[in-house]
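# what's the 3D shape of this:
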Amino acid sequence: MKSFFDLNYITPEWFVQKKQNYQCQQHDSRRRQFMKSAAGVSAIAALPTYAKNAKNESLEKHLKTEPWLTLNSVLEHLLPNSETGPGAKEINAIQYLLNVVYEQRVEQDEIDFIFKGVGWLNGYSQSQNSLDFQFLNNEQKEVTL
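Below you'll find the model as predicted:
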């Protein structure tokens, strides 16, 4: 058998084919990954538009009541607008959460936990500051969270 270090060595055809097939598969995989990423970015970009347009009246009504007022306050505190990126308000985080709760298939236990969590947070906030979480200043919110 000839050595790979032999200058006269000829790579077997089956190996050349295998390598070409592998490179094609890698290229296809990268193309497929790119397409998935592009589709994901498109879906995310369309989400705020969908959230604003879908059942807009109902959405606005919900967002003016509890637990959504507190959830919005929490999201805006945890995801503030900054030099490095948009905040909760700019990415419509509360509308996304509302759509997840009412439009997606989510276990009822998970939804109940979110709503109970708002009650627990406001209860704790009331015990410490005599105010619901949404009415606290930034420092009080940070300490409460």
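
# how about low-confidence regions in this protein?
1-6, 9, 22-56 (pLDDT under 70).

# Helices along that one, start to end?
In the chain, the helices defined using DSSP state H lie at 13-53, 56-63, 68-78, 93-103, 108-129, 138-144.

# now the angle from the fourth one to helix 68-78?
I take that to be helix 93-103. Relative orientation of helix 93-103 versus helix 68-78 (axes from the mean of the first three to the mean of the last three Cα atoms, to 10 degrees): 130 degrees.

# List the buried residues in helix 93-103.
A93, I94, Q95, Y96, L97, L98, N99, V101 (16 or more other Cβ atoms under 10 Å). Where you see a C-beta, it was placed from the backbone N, CA and C, and this is true even at glycine.

# How about the contacts made by the nearest residue to H62 once chain neighbours are set aside?
Spatial nearest neighbour of H62, excluding adjacent residues (Cβ to Cβ, 6 or more residues apart in numbering): W68 at 5.5 Å. Going by Cβ atoms under 8 Å, 6 or more residues apart in numbering, W68 touches H62, I94, L98.
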